[in-house]
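J.: A predicted structure for the sequence below; I have some questions about it.
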Amino acid sequence: MRNPLLVIPRAAFEEDFVPAGGRGGRFAWVTAPPLIKTILLDESEKFRKLAQIRLLGPLLGEGILTSEGAEWKWQRQAAAPVFRHQDLLGFVPAFVRAAEALVARWRAAPQGAVQPIARDMTRVTFDVISATLLPSADDTVAPAVEHAMGRFQRAGAWGQLYAVANLPAWLPQPGRLSMRHSVLSLRASVAALLRERRAGGEDSGAKRDDLLHRLIAARDPETGQSMNDEQLVDNLLTFYLAGHETTARALTWTLYLLARSAEWTAALEAEIERVAGGAALAGEHIERLVLAQQVVKESMRLYPPVPMMSRQAVADARLGGHEVRAGTSVVMPMYAIHRHAKRWQNPDAFDPERFAPEREAKLARYQYLPFGAGPRICIGMAFALIEATAILATLLRRARFAPVEGHEPLPVARVTLIPQGGMPLKVWTRP
Ligand code: HEM
């Protein structure tokens, strides 16, 4: 329970399908691209998100991450237009502003001071979500949500919600009560955002065509119904949680890797200079920051922010030559899939050249899946890639990073892949 990464057997890094069992019930580790395609795409109706829904449901209700079938589909369709690529590029100045605000805080500290990078990245990506998808006219709302979210995380609740495979419901869960409290206060503070928007009518909010506006306006095509307040809170919370922790972890591990690679740091600094010169970073620069994107992708290969996904078979199925009985949990450990001996050369080495455009095009579709795949693929994928590239470029323009001697952070699987003991790095800022 403390670190589910440690339970991934060595065989999952070498084989396509590794059956397992035991007291937690039947399950299997699945790592081969064609088998993953069967689960997530071809026969996705047989493989359901039951464990995820059971675990996250108390927090996220029946929002887009934790619903299935028709209930999921219309919510996904309602949110999708907010994630159009062209519109996302318009958010780049907001991404840059959030990163610059962090650099300003670093500047106030002595040069070379040790900064808590994991926490700092969470702060930046939280500011981004509050400023772009869920802006509020009232300055007190975002800090209230941030505060409740911090309490929720400190209670260890996010971590406890995680289970590798169908952990039985009777398993004792430490801190259930404190978790229940923090869930309630988190939901209450998100509900305040909604109330404020409803009270302010159409004028409220920094940008009218934002995610919250879309969700309020959406109608279920089958019933014509709009989302009630409960469902709106479910989704707001889903986007807050799914949309910032993950990108924060991608940035944290990317800075960890760059702090140990003078070569790639220099290559990125030169690229940023070439592409943007002295100009403020804007949407049009992002696709030209090719090396920066390669580094982010390679970092998510080695340290996938969501380290594993699971589904439960609700009918008997076949995965390649293997029979999978109804009730089996199939676990897709991205952490092992991305370091699989059969599919990656020198799998544990940091080599962003793997994602050079012509080489990336040759990768099998289901061999690299930081954002999942199939119809339930991360809706925020393009948002996250643009955001991570813009924030990384801004930080590298303004600061240098070095490891703290003697601190080698161990990756630990919670809902996201966190560095045990945080990610302290030494930071030098420049004008
Ligand atoms: C590097 C950053 C991110 C990573 C690695 C990531 C990863 C994932 C993964 C693996 C899934 C699929 C889970 C499954 O099928 O079991 C997912 C779903 C989802 N993600 Fe992300 N995510 C990231 C950023 C974001 C952002 C920025 C947002 C929102 C702004 C977001 C919102 C969502 C939502 C709403 C879903 C559920 C989609 C559905 O079920 O239809 N994610 N994400």
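T.: Received it, and whenever you're ready, just let me know what you need.
J.: looking at this structure, which residue is nearest the ligand?
T.: Per Cβ to the nearest ligand atom, G380 is where the chain lies closest to the ligand, at 2.2 Å. Backbone N, C-alpha and C define where each C-beta goes, glycine included.
J.: that residue contacts L241, correct?
T.: No - assessed by Cβ atoms under 8 Å, G380 is found out of contact with L241, at 11.4 Å.
J.: between those two, tell me which one has more neighbours.
T.: Shown here are G380 and L241; by other Cβ atoms under 10 Å, L241 has more neighbours (25 against 22).
J.: what sits up against whichever strand or helix holds the more buried one?
T.: Under the criterion of DSSP states H and E, L241 resides in helix 229-242. Contacts to helix 229-242, defined as Cβ atoms under 8 Å, 6 or more residues apart in numbering, come from residues 59-66, 75, 79, 126, 129, 133-134, 145, 149, 158, 186-187, 190-191, 193-194, 211-212, 215-216, 227, 378, 380.
J.: quick one: buried residues of that helix?
T.: Q231, L232, V233, D234, N235, L236, L237, T238, F239, Y240, L241, A242 (16 or more other Cβ atoms under 10 Å).
J.: what do you get for stretch 33-40?
T.: Within stretch 33-40, the residues that qualify as buried are P33, L35, I36, K37, T38, I39, L40, counting by 16+ other Cβ under 10 Å.
J.: how about the first one, what does it touch?
T.: P33 makes contacts with R343, A364, R365, Y366, Q367, as judged by Cβ under 8 Å, 6+ apart.
J.: same question, the fourth one
T.: Each residue near K37 by Cβ under 8 Å, 6+ apart is listed here: R365, Y366, A373, G374.
J.: check the second one too.
T.: Under the criterion of Cβ under 8 Å, 6+ apart, the contact partners of L35 comprise D16, F17, L319, G320, H322.
J.: give me the element it is part of.
T.: Using DSSP H and E, L35 maps to helix 33-37.
J.: what mean pLDDT would you report for that helix?
T.: Helix 33-37 shows an average pLDDT of 97 in the prediction.
J.: and the next element down the chain from it?
T.: Downstream of helix 33-37, the first helix or strand assigned by DSSP H and E is strand 47-48.
J.: next structured bit after that next one?
T.: helix 50-60.
J.: so which elements touch that next one?
T.: On a contact count with 3 or more Cβ pairs under 8 Å, 6 or more residues apart in numbering; DSSP states H and E, helix 50-60 meets helix 176-200, helix 229-242, strand 309-313.
J.: what residues does the stretch 1-150 of the chain have near the ligand?
T.: I64, L65, R76, L133 (Cβ under 6 Å from any ligand atom).
J.: wait, which of the residues you listed is closest to R249?
T.: L65 (16.8 Å; Cβ to Cβ).
J.: got a list of what that closest one touches?
T.: Applying Cβ under 8 Å, 6+ apart, the residues near L65 are Q52, L56, T238, A242.
J.: correct me, but the second one touches G63?
T.: No - here L56 lies out of contact with G63, judged by Cβ under 8 Å, at a distance of 9.0 Å.
J.: which one of those two is surrounded by more residues?
T.: Neighbours were counted for L56 and for G63 using other Cβ under 10 Å; G63 has more, 28 against 21.
J.: hmm, the more buried one is touching Q75, no?
T.: Yes - using Cβ under 8 Å, G63 is in contact with Q75, at 7.0 Å.
J.: let me know the outermost residue of the protein.
T.: Residue farthest from the centre of the chain, counting by Cα atoms, centre = their mean, is G321 at 32.5 Å.
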